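Asker: all I have is the shape, not the residue letters:
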């Protein structure tokens, strides 16, 4: 399973990368705004700064919702760095744009996916990644993990190349369940990744080892 971090915060991206487990980054307009990044040139410069930190796979989202606008924006984003993956919404013109980008050799991440039907459309159009949103489904009393399981099963049935990128991952159990189900990628905040480190028996065991070492050394 690949780990992507879902943020536009450079310090958090560096921390995750330095941990040695980071495979990519996802961003969106909301995350950019959260970091105070506004204006087309500033946003593009920020994407480039992210690309300079990581090895590959930085999702950069188009703002347009019409086919021509998405193609124009997507091409501009792809020019920023070879590491860019163009993030496209799951709408009719978005599916058309994904097909266009696929034919042009530009990687895509189909975002805002909430149903198996949408997942099939994205895969048939040639999306590189598909982002079903677990947490947002949970918020409206649907089980987001059930959707991940359905999509993984469908993609395995037909051998689709599109990778399932579980998004809106809120906590460590979301991540672990996605791993059990077979999602190819999870994208989540830094605290979810670092949360995997935590176990009380690890803390207790280390404390005992250190105490025993100090006792044996006469400290």
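Answerer: The structure has been received and is ready for your questions. Since we're looking at a predicted model, the values are computed, not measured.
Asker: quick check: mean pLDDT of the longest helix anywhere in the chain?
Answerer: Here the longest helix in the chain is taken by residue count, with DSSP state H as the criterion, and it is helix 200-216. Averaged over helix 200-216, pLDDT sits at 94.
Asker: tell me which residues of it come out buried.
Answerer: Residues of helix 200-216 include none that count as buried (16 or more other C-beta atoms under 10 Å). Glycine gets a C-beta too; all of them are placed from N, C-alpha and C.
Asker: off-centre distance for that helix?
Answerer: 37 Å (C-alpha atoms, centre = their mean, to the nearest Å).
Asker: ditto for stretch 32-48
Answerer: Worked out by C-alpha atoms, centre = their mean, stretch 32-48 lies 18 Å from the chain centre.
Asker: and residue 88, that one's in a strand?
Answerer: Yes. Judged by DSSP: H, G, I helix; E, B strand; the rest coil, residue 88 forms part of a strand.
Asker: need the per-residue pLDDT for the closest residue to it other than its chain neighbours.
Answerer: Nearest residue to residue 88, sequence neighbours excluded (C-beta to C-beta, 6 or more residues apart in numbering): residue 94, at 4.6 Å. Residue 94 is assigned a pLDDT of 98 by the prediction.
Asker: the one 3 residues further on too?
Answerer: With respect to pLDDT, residue 97 has a value of 98.
Asker: which residues does it contact?
Answerer: Residue 97 makes contact with 62, 67, 70, 71, 74, 88, 108 under the criterion C-beta atoms under 8 Å, 6 or more residues apart in numbering.
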